[in-house]
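> I need the structure of the sequence given here:
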Amino acid sequence: MCPHREPITAFEILSSNQGPQGLLRRPSKQELDNEFGTHVDVDVVQQILEKGKEEAGENLASGKWGSKNDSKGSAYLDNRGGNRTTGI
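From the prediction side, this is the model:
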């Protein structure tokens, strides 16, 4: 079960297609169907919470990342290492 004590009111599913490294982006409905058997976001998140495992990339684990300009809404995060980051 989810270890959070407060209800989650908003979430977004992101994928890199490269494990814990690479550009994070929103997966397509087809990608979600192939991976989780559904593209319904609530069902996908439930499976992630129940069956998923934490895989922090090097740059994310180090805390050396952050968004550059959230108002631009580029919808991906570069976590390939170094200090290259792009806002979500």
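
> where is the longest helix in this structure?
helix 41-51 (DSSP state H).

> so for it, what gets flagged as buried?
Buried positions in helix 41-51, judged by neighbour count with 16 or more other CB atoms under 10 Å: 44-45. Any C-beta I mention is one placed from the backbone N, CA and C, and that applies to glycine too.

> what is the mean pLDDT for it?
Mean pLDDT, helix 41-51: 92.

> let's see that helix as PDB, backbone CA atoms only.
Extracted as PDB, the C-alpha positions of helix 41-51 are listed here (Å, rounded to 0.1, in the frame of the first residue of the first chain):
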ATOM      1  CA  ASP A  41      -3.700   7.200 -15.300                       C
ATOM      2  CA  VAL A  42      -5.200   6.200 -11.900                       C
ATOM      3  CA  ASP A  43      -4.800   2.500 -12.700                       C
ATOM      4  CA  VAL A  44      -1.200   3.000 -13.900                       C
ATOM      5  CA  VAL A  45      -0.200   4.900 -10.800                       C
ATOM      6  CA  GLN A  46      -1.800   2.200  -8.600                       C
ATOM      7  CA  GLN A  47       0.400  -0.400 -10.300                       C
ATOM      8  CA  ILE A  48       3.500   1.700 -10.000                       C
ATOM      9  CA  LEU A  49       2.800   2.200  -6.300                       C
ATOM     10  CA  GLU A  50       2.100  -1.500  -5.700                       C
ATOM     11  CA  LYS A  51       4.800  -3.100  -7.900                       C
END
